[in-house]
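**Student:** With the sequence up front, the predicted model follows.
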Amino acid sequence: KGSDALILGLGGGTLLKQYNRLGFNTDVIELDKRVKDVSIEYFNVDPSSNIKIDDARHALKTLEKKYDIITFDLFLSETPPSHLLTIESFQEVQSGLKENGLLMINFFGFTSGDLGRASRSVYKTLVECGFKTNMCVTPSNDEMGRNLIFLASLSDLDFTNTNYKEPFIPAITNLEKHFLDASKMDFSDAVLLTDDQPIMEHLYADAALEWRKASNFAYAEKFINKL
């Protein structure tokens, strides 16, 4: 409780409400004012929340305070913005983190094969910036059905003694049980992502297409079953 948190990307406000429930002092950056308005009117986001309308990269460049947690939850449909996932952007994040601060990035769940090249490149870029980086995955039977959360910090953090609870699911007492073993992954084709080589859209194009197909099918199936 009392941690200073910054969320980049509001959406429907799910993460903001979770952070508020945990007692964080939370600021939010959202690109589109319409998203803010919709989240307040239809998704029960508190109108008094500190939500600033700005581009996330510009916000990182102009931060006026440091945070315990900076979270990237940035997607336009199924695509994350490539200008936030570069060495230069991650260096700007470092200047906005407190001594034991944590960067969290929500990303596609693919990590193997061609579909996982984008994830492997983000990992390689974080490590190149000096971040101690872990990859946490949400429970799923396959890569398609999961999310990948990058956990990056400049100091060693202990994730083995956690006490995280959500309604209707078991408490998480050791987050490392959900980590991938990076030593067993092949990063030989991973790319260092930089501002002057904006290729992320090409790296995750196939992964985004697969995610969209699966998402459309899942929702369409629900409607078809009701007919």
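**Tutor:** Looks like it came in fine.
**Student:** Can you give the contact residues for stretch 48-57?
**Tutor:** Among residues not part of stretch 48-57, those counted as contacts by C-beta atoms under 8 Å, 6 or more residues apart in numbering are 8-10, 13, 16, 20, 26-33, 36, 45, 59, 72, 74, 81, 83-84, 89, 92. Where C-beta positions appear, they are placed from N, C-alpha and C, glycine not excepted.
**Student:** buried set for that stretch?
**Tutor:** Neighbour counts over stretch 48-57 (16 or more other C-beta atoms under 10 Å) mark Ser49, Ile51, Ala56, Arg57 as buried.
**Student:** Could the C-alpha coordinates of that stretch be exported in CSV?
**Tutor:** This file holds the C-alpha atoms of stretch 48-57, laid out as CSV (Å, rounded to 0.1, in the frame of the first residue of the first chain):
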residue,chain,number,x,y,z
SER,A,48,-11.6,11.7,-9.9
SER,A,49,-8.9,9.3,-11.0
ASN,A,50,-5.7,11.1,-12.2
ILE,A,51,-5.9,10.3,-15.9
LYS,A,52,-3.8,12.5,-18.2
ILE,A,53,-4.4,12.6,-21.9
ASP,A,54,-1.0,12.3,-23.6
ASP,A,55,1.2,10.0,-25.8
ALA,A,56,2.9,7.5,-23.5
ARG,A,57,6.4,8.1,-24.9
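**Student:** where does the protein have low pLDDT?
**Tutor:** Within the chain, the segments meeting pLDDT under 70 span 227.
**Student:** Quick check: the most centrally placed residue in the chain vs Phe24, distance?
**Tutor:** Nearest residue to the geometric centre of the chain (C-alpha atoms, centre = their mean): Asn106, 2.0 Å. For Asn106, the distance to Phe24 equals 17 Å [C-beta to C-beta, to the nearest Å].
**Student:** Helix, strand or coil: sort out the residue lying closest to Ser3 once chain neighbours are set aside for me.
**Tutor:** Excluding the flanking residues, the one nearest Ser3 by C-beta to C-beta, 6 or more residues apart in numbering is Asp68, at 4.1 Å. Recorded secondary structure, Asp68: strand (DSSP: H, G, I helix; E, B strand; the rest coil).
**Student:** Am I right that Asp68 is in contact with Met104?
**Tutor:** No: using C-beta atoms under 8 Å, Asp68 is not in contact with Met104, being 11.0 Å away.
**Student:** Strands along the protein, start to end?
**Tutor:** Applying DSSP state E to the chain gives strands spanning 4-8, 25-30, 50-53, 67-72, 97-108, 132-137, 147-153.
**Student:** Direction included, what does the third one pair against?
**Tutor:** Using DSSP bridges, strand 50-53 pairs in its sheet with strand 25-30 (parallel).
**Student:** hang on, the earlier thing: out of the contacts of stretch 48-57, which end up buried?
**Tutor:** Judged by 16+ other C-beta under 10 Å, buried ones among those: 8-10, 13, 16, 20, 26-31, 36, 45, 59, 72, 74, 81, 84, 89, 92.
**Student:** hang on, Phe72 packs against Leu102?
**Tutor:** No: with contact defined as C-beta under 8 Å, Phe72 does not reach Leu102; the gap is 11.7 Å.
**Student:** quick one, longest helix in the protein?
**Tutor:** helix 205-226 (DSSP state H).
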